[in-house]
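J.: Build me a model:
(chains A and B)
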Amino acid sequence: MLVYLIRRLFNVAATLLVVSVVTFGIFFAVPKITGSDPALMYAGRETNETALAGIRVKMGFDKPISEQYLTFVKGIFVGRDYDGGTETTHCEAPCFGYSFKTEAPVWETMVDRMPVTLSLALGAAVIWVLAGVATGVVSALKRRTAVDRTVMVGALAGVSLPIFFTGMVAPAIFVYSLGWLDVSNYKPLTEDPGAWLNSLILPWITLAFLFAATYARITRATMLEVLGEDYIRTARAKGLKEGVVIRKHALRSTLTPIVTMFGLDLGGLLGGAVLTETTFNFQGLGTAAVAAIGQGDLPVIMGVTLLAALFVVMANLIVDLLYAVIDPRVRLT
Amino acid sequence: MTAPLHDTSAETPAPVSVADVPAKAIEGRSPGRIAWMRLKRDKVALTGGMVVILLILVAVFAPQIVSVLGHPPNEFHEDLIDPDLGTPIGSFGGMSSEHLLGVEPTNGRDVFSRIVYGARISLVVAFLAAFVSVAIGSFLGALAGFLGGWVDGLISRTMDLLLAFPQLLFTIALVSVVPNSLWGFEGSGVRMGVLIVVIGFFGWPYIGRIVRGQTISLREREYVEAARSLGAGRGYILVKELLPNLVAPILVYATLIIPTNILTEAALSFLGAGVKPPTASWGKMLSDAVPIYQDDPMYMVVPGMTIFITVLAFNLFGDGLRDALDPKGS
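T.: Next up, the predicted model:
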């Protein structure tokens, strides 16, 4: 178990290393090939050659790419100093550098944006897992009935609808036509829990609908397959109540692929629910990254990409550890 | 196999084939024919398939269709716009016999012809990206499954790694750093090329995993052993023995990856990383609709429903194809 954990953590580190090298390579090497100058991206258009030279020294653009990369990684763990000629700026660890555009520390920006994405993703996740698994199980148990057909048609529609379309349809129906809800920008939980909930209900429903549809389809298919297994027949043959067979035996193996998917999906969303945040005009990690890409704000892009990758690999690790709990056949070696 | 023992009678389809067959001589059916016969019975999947064919025809004959039924996609019709509100004059977003799906807010371009031309972008990107994913994924997946050892280790780790990448962000980023003209192509051509390569590249691990798993289970089958004992080489076994059995899962996956690609392309256009204006694209139309959909809901509904119907048709057909090719199916 301990050996397994160490090996997996080593894998996590290796993955993050590769992701960071590739991201760094793309954003700092491609501009060189295409002839754009990171110093110019930092300074904006109205500047002179002396200022540019100063920026190059301060940000380290004059050094070889490999050295710039090492300084960047070192900054994350121990912090780094920016030599501005007359004065030196120290950036505390974890230092992801400063935004080219706002000059704000990237780490602080990410910490600021995190609650928005976190609230959005976690709330939606609770809804979609409960709704998706429940409808999938009911659909499987009531196979080939009207209930099953209705659920499956709904689920198929759900996976075929783009979220940036439902994100407009939902307010059009619930806010502007029925007047049940009102639309607002994200409000922090710590300031006003009621307003927080109110600002999140529509985004949650929109995001959860998409995922619940996928989960219902997978749950139904897996459940039907499991119900055909020999051990379910055995459980029934030894006289267990149907409810026990379903809950204790069938549901447990049905959950295994669901847990895998859930890890990947939630991990992916925590790094920025780009489309949902954009549609509802939420200032989360995803919109921060998209804005940064549009402005060529390299440090912010690097930071969010790395954070997003960290979420995905950590979610995967947790899922694999959970396997040992859910599925008694799994041994971690 | 593990057929469900409970209540199978209700699930057995009406014995159509049994009733039809007796008059004829018994003949062997190839797996392909069995699949086709099943697919022909699946009306829902066939409908999906027909919509797909229709959409492909629309994309191919876009100029002809537009010259008969619409107006050039980039022609402005400001006279059809309410100068105060910026929305189209008339109900339903300015729908009329002249402009079948209405006109765009602000500058009044014909929505119908932009939808028709948008189909070209959407389908070309989705199909070619699927082709890229399938080509890389089947090759590397089969190689990993067949050879095992360090080759498998390397390919599997690469797939895990790619799945950990924040794909949407990366795609937007890559699209934005690629210059406007490249190798003699310019503007939207370059963008489409980049979209195809990047979407296709991030899609291959999904099919790679499926093909690898299939190859591993097929590798140990008796017929492969028989071929090996007859002295067949690795290349022969891979191409002649394994590949024909991999065609079905690859085909199913290819049909199901296309709708995903359509959604990805639309999402990228929505975020401003798709083809460049004025080229028409469904996702861009939706993002243009964001600020004005309360006043002109039709401009949001038309491209949204177009994407929905397209993706749904591909999904219905793909689901049907998967059921038809399933050897365990009835």
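J.: Okay, strands next: where are they in the stretch 151-300 of chain A?
T.: Counting by DSSP state E, counting those that start in this stretch, the stretch 151-300 of chain A forms no strands at all.
J.: Wasn't A:D81 part of a helix?
T.: No. Using DSSP: H, G, I helix; E, B strand; the rest coil, the assignment for A:D81 is strand, not a helix.
J.: I figured it hits A:A93, correct?
T.: No. In this structure, A:D81 is not within contact of A:A93 by CB atoms under 8 Å, at 11.8 Å. The way it works is simple: take the backbone N, C-alpha and C, and place the C-beta from them, glycine included.
J.: Output the lowest mean pLDDT helix or strand found in chain A.
T.: helix A:38-43 (a mean of 67; mean pLDDT, DSSP states H and E).
J.: For the stretch 151-300 of chain A, which residues are neighbours of chain B?
T.: A:156-157, A:159-162, A:164-165, A:168-169, A:172, A:176, A:227-230, A:233, A:236, A:264, A:268, A:271-272, A:274-275, A:278-279, A:286, A:289-290, A:293-294, A:296 (CB under 8 Å from any CB of the partner chain).
J.: And these, which of them are buried?
T.: A:156, A:159-162, A:164-165, A:168-169, A:172, A:227-228, A:233, A:236, A:268, A:271-272, A:274-275, A:278-279, A:286, A:289-290, A:293, A:296 (16 or more other CB atoms under 10 Å in any protein chain shown).
J.: which element follows the one helix or strand B:M285 maps to toward the C-terminus?
T.: Using DSSP states H and E, B:M285 sits in helix B:282-289. Using DSSP H and E, the helix or strand that directly follows helix B:282-289 along the chain is helix B:298-325.
J.: Can that next one be said to contact chain A?
T.: Yes. Using CB under 8 Å from any CB, helix B:298-325 reaches chain A at B:M300, B:P303, B:G304, B:I307, B:F308, B:V311, B:L312, B:N315, B:L316, B:D319.
J.: What helices and strands are in contact with that helix?
T.: helix A:146-160, helix A:163-171, helix B:31-41, helix B:43-60, helix B:111-147, helix B:243-270, helix B:282-289 (3 or more CB pairs under 8 Å, 6 or more residues apart in numbering or on different chains; DSSP states H and E).
J.: just the angle between the one helix or strand A:A140 maps to and helix A:146-160, please?
T.: Assigned by DSSP H and E, A:A140 belongs to helix A:106-141. Using axes from the mean of the first three to the mean of the last three CA atoms, to 10 degrees, the inter-axis angle of helix A:106-141 relative to helix A:146-160 is 150 degrees.
J.: The helix or strand harbouring A:F72 - what's its average pLDDT?
T.: Take DSSP H and E as the rule and A:F72 turns out to sit in helix A:65-78. Average pLDDT, helix A:65-78: 82.
J.: Please apply the same query to stretch A:90-105.
T.: Mean predicted confidence for stretch A:90-105 is 80.
J.: buried sites along it?
T.: A:C91, A:P94, A:C95, A:F96, A:G97, A:Y98, A:S99, A:F100, A:K101, A:P105.
J.: which of these lies closest to A:G60?
T.: Nearest to A:G60, judged by CB to CB, of the buried residues of stretch A:90-105 is A:G97 at 9.9 Å.
J.: Please determine how far that closest one is located from A:L306.
T.: In this view, A:G97 and A:L306 are 12 Å apart by CB to CB, to the nearest Å.
J.: Contact partners for the spatially closest residue to A:G154 that is not a sequence neighbour?
T.: Closest residue to A:G154 apart from its sequence neighbours, by CB to CB, 6 or more residues apart in numbering or on different chains: A:A213 at 7.2 Å. A:A213 sits next to A:G132, A:G154, A:A155, A:L156, A:A157, A:G158, A:V159 when contact means CB atoms under 8 Å, 6 or more residues apart in numbering or on different chains.
J.: Can you pull the phi/psi pair for A:I55?
T.: phi -60, psi -40 (degrees, to the nearest 10).
J.: pretty sure it contacts A:F61?
T.: Yes. A:I55 is within contact range of A:F61, at 7.2 Å (criterion: CB under 8 Å).
J.: among the helices and strands of chain B, which has the poorest mean pLDDT?
T.: helix B:16-20 (a mean of 49).
J.: Tell me the predicted confidence for residue 55.
T.: Picking chain A for this. pLDDT, A:I55: 72.
J.: hmm, I had chain B in mind actually
T.: Taking B:L55 on its own, its pLDDT is 93.
J.: pretty sure it is touching B:V311, no?
T.: No. Using CB under 8 Å as the test, B:L55 is too far from B:V311 to be in contact (10.6 Å).
J.: circling back to that earlier point, pLDDT wise, what is the residue nearest to A:G154 at?
T.: Model confidence at A:A213, given as pLDDT, is 93.
J.: shaky segments in the chain?
T.: The chain I'm using is chain A. Scanning chain A for pLDDT under 70 picks out A:29-47, A:83-87, A:328-333.
J.: Not quite, go with chain B.
T.: The model of chain B has pLDDT under 70 over residues B:1-25, B:92-94, B:97, B:179-187, B:327-330.
J.: Name the nearest residue to the residue nearest in space to the middle of chain A, ignoring sequence neighbours.
T.: Ranked by distance to the mean C-alpha position of chain A (CA atoms, centre = their mean), the top residue is A:L269 at 2.2 Å. Distance criterion CB to CB, 6+ apart; nearest residue to A:L269, sequence neighbours excluded, is A:A121 at 4.0 Å.
J.: same question, B:A266
T.: Per CB to CB, 6+ apart, closest to B:A266 is B:G283, 3.5 Å.
J.: Where do the helices of chain A begin and end?
T.: Applying DSSP state H to chain A gives helices spanning A:2-34, A:38-43, A:49-59, A:65-78, A:106-141, A:146-160, A:163-171, A:193-227, A:230-237, A:242-244, A:251-270, A:274-279, A:285-295, A:298-326.
J.: quick one, which of those is packed in tightest?
T.: helix A:274-279 (a mean of 26; mean count of other CB atoms under 10 Å in any protein chain shown).
J.: Now flag whichever of the contacts of A:A213 is closest to B:S30.
T.: A:L156 (30.1 Å).
J.: who touches the closest residue to B:V211 other than its chain neighbours in this structure?
T.: Nearest residue to B:V211, sequence neighbours excluded (CB to CB, 6+ apart): B:G141, at 3.1 Å. When contacts are counted by CB under 8 Å, 6+ apart, B:G141 is found next to B:I155, B:I207, B:G208, B:R209, B:I210, B:V211, B:R212, B:T215.
J.: Test my guess that the second one contacts B:F131.
T.: No. Using CB under 8 Å as the test, B:I207 is too far from B:F131 to be in contact (11.2 Å).
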